[in-house]
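Enquirer: Here is my input; please provide its structure:
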Amino acid sequence: MRIAVTGSIATDHLMMFAGKFTDTLIAEKLDKVSVSFLVGDLEIRRGGVAGNISYGLGCLGLNPLLVGSVGQDFAEYESWLTAHGVDTSGVRTSATAHTARFTATNDETGNQIASFYPGAMSEDGEIDIISLGNANAVDLVVIGAGDPAAMQRFTADCLAAGVKFAADFSQQVAFLDGGAMRTLIEGAAYLFCNEYEEAVIEQKTGWSSEDVLDRVDTRVITLGAAGARVERKGSAPVTVGPVKDATFVEPTGAGDAFRSGFLAATAWDLPVERAIQLGNLLAVHALETVGPQEYDLTAATLADRAKHSYGAEAAAEIAARLPA
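Expert: Got it, this is the predicted structure:
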């Protein structure tokens with residue numbers, strides 16, 4: 001199964017202030033703020049939901065087609081993705097805008113001052129997803145969090161052309177209203193969300209859990225430290241617990257990594273239980289690393305951890321499909 005992944009492609013610029021913002025900000029003068037913080041370090045991470053999901057799929061040998069808009073500053077990031085098995089031929093370069101960028105400064109108490117520049121991502125709606133899909137023999141389009149108008153267009157185009165698609169709102173769940181959510185969900189082969197997003201979707205759409213399952217083939221709900229659950233109408237839910245002995249380091253990108261593992265196992269026609277297990281295994285790799293694309297995958301490590309958490313049979317079935 002060939003998978004195309006749409007959504008944000010961005011870099012994260014993360015800085016740390018060795019102090020407290022509250023020691024500098026004056027409550028009575030917040031209407032005239034002009035402050036500068038001297039930061040001690042800078043971390044630049046490759047990210048964006050489409051970039052993160054594609055990275056995981058590429059590492060698993062799926063050669064996903066990354067779809068989105070970037071700036072002319074994308075060359076180094078593109079080389080990184082290509083080296084990790086991602087097809088970037090579906091990426092368009094803006095003539096005027098930079099690649100999307102998230103910039104954040106954290107203080108020693110965990111407070112954060114941040115901004116997000118969408119940049120070239122705002123031009124995603126100019127991409128013809130169906131033409132790209134036809135040219136690259138795409139079987140499934142993941143419509144990830146990105147430019148809201150582009151998400152609507154990609155969904156409508158997939159429905160009209162009869163192309164299977166997965167709906168994945170993630171960071172956009174707070175921005176999208178109920179009407180937009182309803183049009184993005186209707187007819188999806190997969191709907192990805194976590195428990196909080198599941199509740200927001202139902203609250204905003206006015207649909208019950210059963211109403212949602214009437215409109216999608218499969219709903220995949222990540223449960224954090226409890227693993228993940230897959231639901232299908234007329235079938236008993238399938239819940240798989242977490243990977244054992246995981247070490248929490250930094251959570252950014254863990255949900256995207258889960259999607260990579262789940263979709264890869266689905267593309268290999270493995271049963272849903274195995275898909276959740278591989279999703280959990282990749283999520284832990286991201287969780288145990290600083291940065292959403294800094295984890296390394298080896299067949300031996302994945303097989304060992306699969307055996308430790310899910311048994312020899314699960315490990316053997318997953319290992320048989322992993323690239324050397």
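Enquirer: how much space between Ala265 and Asp23?
Expert: Here Ala265 is placed at a distance of 49 Å from Asp23 (CB to CB, to the nearest Å). C-beta here means a position set from N, CA and C on the backbone, and glycine is covered the same way.
Enquirer: So for the two, which sits in the more crowded spot?
Expert: Applying other CB atoms under 10 Å to Ala265 and Asp23 shows that Ala265 carries more neighbours, namely 25 against 8.
Enquirer: Okay, now the unreliable bits of this structure?
Expert: Applying pLDDT under 70 to the chain flags residues 29.
Enquirer: Show me what the helix of greatest length in it packs onto, helices and strands only.
Expert: When the chain is parsed with DSSP state H, its longest helix is helix 272-287. Where contact means 3 or more CB pairs under 8 Å, 6 or more residues apart in numbering; DSSP states H and E, helix 272-287 is packed against helix 49-59, strand 218-222, strand 228-231, strand 238-240, helix 254-267, helix 299-310, helix 312-319.
Enquirer: Direction-wise, compare the longest one with helix 49-59 and give the angle.
Expert: Angle of helix 254-267 versus helix 49-59, following axes from the mean of the first three to the mean of the last three CA atoms, to 10 degrees, is 50 degrees.
Enquirer: Go ahead and name everything in contact with helix 254-267.
Expert: Contacts with helix 254-267, where a contact means CB atoms under 8 Å, 6 or more residues apart in numbering, come from 1, 3, 49, 52-57, 59-60, 62, 140, 142, 166, 168, 170, 192, 194, 220, 222, 228, 274-287, 292, 295, 318, 321.
Enquirer: And the strands in this protein?
Expert: 3-6, 10-17, 41-47, 65-70, 87-93, 100-107, 112-117, 140-143, 164-168, 190-194, 218-222, 228-231, 238-240 (DSSP state E).
Enquirer: Mean neighbour count for those strands - can I get that in JSON lines?
Expert: What follows is those, written out as JSON lines (neighbours: other CB atoms under 10 Å):
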{"stretch": "strand 3-6", "mean neighbour count": "29"}
{"stretch": "strand 10-17", "mean neighbour count": "20"}
{"stretch": "strand 41-47", "mean neighbour count": "15"}
{"stretch": "strand 65-70", "mean neighbour count": "28"}
{"stretch": "strand 87-93", "mean neighbour count": "19"}
{"stretch": "strand 100-107", "mean neighbour count": "18"}
{"stretch": "strand 112-117", "mean neighbour count": "13"}
{"stretch": "strand 140-143", "mean neighbour count": "25"}
{"stretch": "strand 164-168", "mean neighbour count": "24"}
{"stretch": "strand 190-194", "mean neighbour count": "22"}
{"stretch": "strand 218-222", "mean neighbour count": "22"}
{"stretch": "strand 228-231", "mean neighbour count": "20"}
{"stretch": "strand 238-240", "mean neighbour count": "18"}
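Enquirer: mind putting those in a markdown table, distance to Ala254 included?
Expert: Putting these into a markdown table (distance: least, CB to CB, whole Å) gives the following:
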| stretch | distance to Ala254 |
| --- | --- |
| strand 3-6 | 17 |
| strand 10-17 | 15 |
| strand 41-47 | 12 |
| strand 65-70 | 20 |
| strand 87-93 | 24 |
| strand 100-107 | 17 |
| strand 112-117 | 19 |
| strand 140-143 | 17 |
| strand 164-168 | 14 |
| strand 190-194 | 10 |
| strand 218-222 | 8 |
| strand 228-231 | 11 |
| strand 238-240 | 15 |
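Enquirer: Can you check which of those strands gets nearest to Thr183?
Expert: strand 164-168 (9.9 Å; CB to CB).
Enquirer: what angle do that closest one and strand 190-194 make?
Expert: 10 degrees.
Enquirer: Tell me which other helices or strands strand 164-168 touches.
Expert: strand 140-143, helix 148-161, strand 190-194.
Enquirer: Just put the ones you listed in TSV and tack on distance to Val200.
Expert: Converted to TSV, these look like this (distance: least, CB to CB, whole Å):
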stretch	distance to Val200
strand 140-143	18
helix 148-161	15
strand 190-194	8
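Enquirer: of the ones you listed, which approaches Ala114 most closely?
Expert: Closest among these, once you apply CB to CB, is helix 148-161, at 19.7 Å.
Enquirer: Just the buried residues of that closest one, please?
Expert: Across helix 148-161, burial judged by 16 or more other CB atoms under 10 Å covers Pro148, Ala150, Met151, Gln152, Arg153, Phe154, Thr155, Asp157, Cys158.
Enquirer: Now flag whichever of those residues is closest to His98.
Expert: Among the buried residues of helix 148-161, and counting by CB to CB, the member closest to His98 is Ala150, at 17.5 Å.
Enquirer: Would you agree the closest one is in contact with Ile127?
Expert: Yes - counting by CB atoms under 8 Å, Ile127 is a contact partner of Ala150 at 7.2 Å.
Enquirer: overlap in contacts of those two?
Expert: The contact sets of Ala150 and Ile127 overlap at Thr6 (CB under 8 Å, 6+ apart).
Enquirer: quick one: the longest helix of the chain to chain centroid distance?
Expert: Offset of helix 272-287 from its chain centre (CA atoms, centre = their mean, to the nearest Å): 13 Å.
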